[in-house]
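Trainee: turn this into a structure:
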Amino acid sequence: MTVRESGALDVERIREDFPVLDREFDGTQLVYLDNAATTQTPNRVIDAIGDYYREYNANVHRGLHQLSQEASIAYEEAHDRVAEFIGAAGREEIVFTKNTTESENLVAYAWGLRELGPGDTVVLTEMEHHASLVTWQQIAERTGADVAYIRVDQDGYLDMDHAREVIDDDTAMLSALHVSNTLGTINPVADLVDLAHDRDALAFIDGAQAVPNRPVDVEAIDADFYAFSGHKMAGPTGIGVLYGKQHLLDSMEPFLYGGDMIEKVTFEESRWNELPWKFEAGTPSIAQGIALAEACDYLDEIGMEAIARHENELAQYTLERFAEFDDIETFGPPAGEERGGLVSFNLDSVHAHDLSSILNDYAVAIRAGDHCTQPLHDKLGVAATARASFYVYNTREEIDVLVEAIDDARQLFA
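Mentor: Now for the predicted structure:
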């Protein structure tokens with residue numbers, strides 16, 4: 001069992017599933033707090049990859065032999081499992097990509113290049129990840145469309161009054177984060193989607209920081225597109241997911257061309273395969289897709305509600321510890337307000353990169369930089385921030401180690 005009677009996670013039991021957490025550096029136990037970038041991978045997900053290569057390694061949808069049949073069934077069923085995990089209607093709405101960034105590009109190129117033009121507006125938020133911001137910015141330049149941004153207030157929340165002004169009759173697409181990878185803000189995505197639909201616009205939600213740690217129901221949110229990555233949810237790298245409403249995916253042209261995404265090819269023309277395969281050209285990430293389904297099973301067995309509570313509790317405890325010091329500035333929703341499991345911060349007179357380097361000497365792994373949100377950092381008035389981010393296997397004791405290491409850095413730069 002991984003959840004106690006109190007509803008709290010049995011973290012010590014969960015940690016046994018993650019071999020990398022046993023690593024030591026010069027005799028010091030690893031404290032891994034860079035989960036918003038990439039989470040660690042449990043043994044059973046690693047085993048799922050190994051089992052594929054040991055037992056039925058073959059290409060999918062290409063052979064009539066037994067290995068290919070087994071691989072094809074497992075790969076197709078992985079789409080079914082992911083659809084179930086996020087509340088989609090079925091595999092037809094689940095496209096496997098490399099990551100969230102590729103999912104965003106798929107929609108931007110396959111839908112945006114055809115549908116956008118002068119007079120159209122793509123609405124983003126000021127907290128967007130570069131995967132969204134840069135992609136739609138470039139598509140807008142190619143099509144003559146405009147880009148507008150929903151403001152972020154001083155507490156790290158979206159200004160919903162401003163959203164109602166920006167999302168207007170010219171809006172063709174809204175692209176917004178579900179959870180901010182810099183601020184930890186949990187955005188009211190269902191409300192944003194409603195605003196877009198009220199103006200006959202489509203809505204794309206980046207769920208890279210949401211699907212790993214909280215229940216997500218894409219049909220309840222009513223997003224037209226929703227994307228996330230396997231490596232942020234105890235899964236492997238090299239696999240991402242694009243959810244799209246079936247009628248929209250049906251209407252879109254493929255993003256990539258080649259093998260398996262076709263139904264019929266002649267010297268004169270080509271016809272596309274059925275969904276979702278028409279968007280999965282070439283040999284896909286078979287082992288990774290199968291392992292992603294195993295990660296869904298793993299997280300569901302722990303319980304997504306319990307994971308969300310655990311991450312919020314760790315974030316609140318971090319804010320509580322940081323509040324003991326007057327030289328630590330934090331960003332995002334204030335203490336007591338629910339947030340995703342991360343805290344971005346700065347220590348006075350110490351650059352975030354220097355702080356991260358010093359913490360590495362204490363075997364504490366955090367992220368430092370702009371977290372692929374340069375415009376947001378410009379708005380915050382800082383070049384970079386340090387970010388501690390948590391997952392199912394992190395503990396309060398590890399946060400105490402983080403605080404102690406920060407104190408030593410403080411003394412070093414005093």
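Trainee: just for the protein, where's the confidence low?
Mentor: By pLDDT under 70, the low-scoring segments of the chain are 1, 3-6, 414.
Trainee: most centrally placed residue in it?
Mentor: Nearest to the mean C-alpha position of the chain, counting by C-alpha atoms, centre = their mean, stands A208 at 1.2 Å.
Trainee: helix, strand, or coil at A37?
Mentor: Here A37 is recorded as coil under DSSP: H, G, I helix; E, B strand; the rest coil.
Trainee: what of the one 10 residues further on?
Mentor: At D47 the chain is in helix, as set by three-state DSSP.
Trainee: burial measure for it, as a count.
Mentor: Using other C-beta atoms under 10 Å, D47 is surrounded by 13 other residues. Quick note: C-beta positions are derived from backbone N, CA and C, even for glycine.
Trainee: contacts only, for it.
Mentor: By C-beta atoms under 8 Å, 6 or more residues apart in numbering, D47 lies in contact with nothing.
Trainee: ok, now V403?
Mentor: 321-322, 324.
Trainee: buried ones among those?
Mentor: Among these, those classed as buried by 16 or more other C-beta atoms under 10 Å are 321-322.
Trainee: among the contacts of V403, which are in helices?
Mentor: Using DSSP state H, 321-322 are the members of the contacts of V403 that sit in helices.
Trainee: closest one to E104 out of the contacts of V403, please.
Mentor: F322 (32.5 Å; C-beta to C-beta).
Trainee: returning to what we had before: out of the contacts of V403, which comes closest to A131?
Mentor: Nearest member of those to A131, counting by C-beta to C-beta, is F322, at 28.4 Å.
Trainee: please report how far that closest one lies from D200.
Mentor: Distance, F322 to D200, using C-beta to C-beta, to the nearest Å: 44 Å.
Trainee: repeat that for G63.
Mentor: For G63, the distance to D200 equals 45 Å [C-beta to C-beta].
Trainee: so which of those two has more stuff around it?
Mentor: Per other C-beta under 10 Å, whichever of G63 and D200 has more neighbours is G63, with 13 against 9.
Trainee: list the contacts of the more buried one.
Mentor: Taking C-beta under 8 Å, 6+ apart, we find G63 in contact with Q69.
Trainee: am I right that it is in a helix?
Mentor: No - per three-state DSSP, G63 lies outside any helix segment and is coil.
Trainee: so who does A203 touch?
Mentor: 173-176, 192-193, 196-197, 222-225.
Trainee: who's it bridged to?
Mentor: Beta bridges link A203 to L174 when assigned by DSSP bridges.
Trainee: cool, T330 as well?
Mentor: F345.
Trainee: ok, it - contacts?
Mentor: 319, 322, 343-345.
Trainee: do the same with I358
Mentor: So I358 contacts 405, 408-409, 412 (C-beta under 8 Å, 6+ apart).
Trainee: need the residues you listed in CSV (columns: secondary structure, distance to F255 and neighbour count).
Mentor: As requested, these are exported to CSV (DSSP: H, G, I helix; E, B strand; the rest coil; distance: C-beta to C-beta, whole Å; neighbours: other C-beta atoms under 10 Å):
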residue, secondary structure, distance to F255, neighbour count
A405, helix, 44, 20
D408, helix, 49, 12
A409, helix, 45, 20
L412, helix, 49, 11
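Trainee: which one of the residues you listed is nearest H162?
Mentor: For the contacts of I358, the nearest to H162 is A409 (37.9 Å; C-beta to C-beta).
Trainee: pull the number of nearby residues for A148.
Mentor: Neighbourhood size, A148 [other C-beta under 10 Å]: 16.
Trainee: could you do V152 as well?
Mentor: Under the criterion other C-beta under 10 Å, the count of neighbours that V152 has is 23.
Trainee: what's the closest non-adjacent residue to it?
Mentor: Closest residue to V152 apart from its sequence neighbours, by C-beta to C-beta, 6 or more residues apart in numbering: E126 at 4.4 Å.
Trainee: circling back to that earlier point, among the contacts of A203, which are in strands?
Mentor: 173-176, 225 (DSSP state E).
Trainee: quick revisit: so which helix or strand takes in the residue nearest to the centre of the chain?
Mentor: Using DSSP states H and E, A208 is not contained in any helix or strand.
Trainee: now do the contacts for the closest residue to it other than its chain neighbours.
Mentor: The spatially closest residue to A208, leaving aside those adjacent along the chain, is T100, at 4.4 Å (C-beta to C-beta, 6+ apart). Residues counted as contacts of T100 (C-beta under 8 Å, 6+ apart) are 129, 131, 206-208, 227-229, 240.
Trainee: can you redo the residues you listed as CSV with distance to R54 and secondary structure?
Mentor: Listed next are those as CSV, based on distance: C-beta to C-beta, whole Å; DSSP: H, G, I helix; E, B strand; the rest coil:
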residue, distance to R54, secondary structure
H129, 36, coil
A131, 34, helix
D206, 35, strand
G207, 32, coil
A208, 31, coil
A227, 31, strand
F228, 28, strand
S229, 26, strand
G240, 25, strand
